[in-house]
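Novice: I'll drop the sequence and a predicted model, then ask my questions.
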Amino acid sequence: MKECIIWTANLDAKKKRSEGRKIARKFAVPNVKIEEMVKACKELGIPCRVEEKKYPKSWWEEGGRIVVPKVESKIRLMEKIALRIKEIREREKSKKKR
């Protein structure tokens, strides 16, 4: 089975396309954490494994990547994960307000 590598930089709204963002800014999430990506994958039912690597274009920053099976286009997969991260953040924000 083919696999996709998704870096935290690929989903980060604060990055420019030239810095590694792969999805449209309207889908992207600022300051993505690897833990959020894993949680989003679990909620979506997508198996993933974490690799503690540094993104080559920004090797000095914290980050990492996940490896997921390619079940659809990589861009669509990244959009789904980013949207789920937004939902998770909204849920956590509403829990804190209570």
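Specialist: Ah, there it is. Residues are numbered from 1 along each chain as shown.
Novice: What is the neighbour count of M37?
Specialist: 27 (other C-beta atoms under 10 Å). C-betas here are computed from N, CA, C, even on glycine.
Novice: May I have the distance across stretch 50-57, first residue to last?
Specialist: 19 Å (C-alpha to C-alpha, to the nearest Å).
Novice: chain center to that stretch: distance?
Specialist: 13 Å (C-alpha atoms, centre = their mean, to the nearest Å).
Novice: do stretch 80-96 as well
Specialist: 12 Å.
Novice: quick one: contacts of it?
Specialist: Contacts with stretch 80-96, where a contact means C-beta atoms under 8 Å, 6 or more residues apart in numbering, come from 6, 11, 23, 27-29, 32, 36-37, 39-41, 43-44, 46.
Novice: By neighbours, which of the residues you listed wins?
Specialist: M37 (27 neighbours).
Novice: can you tell me which residues contact it?
Specialist: Here M37 is in contact with 6, 8, 11, 48, 66, 81, 85 (C-beta under 8 Å, 6+ apart).
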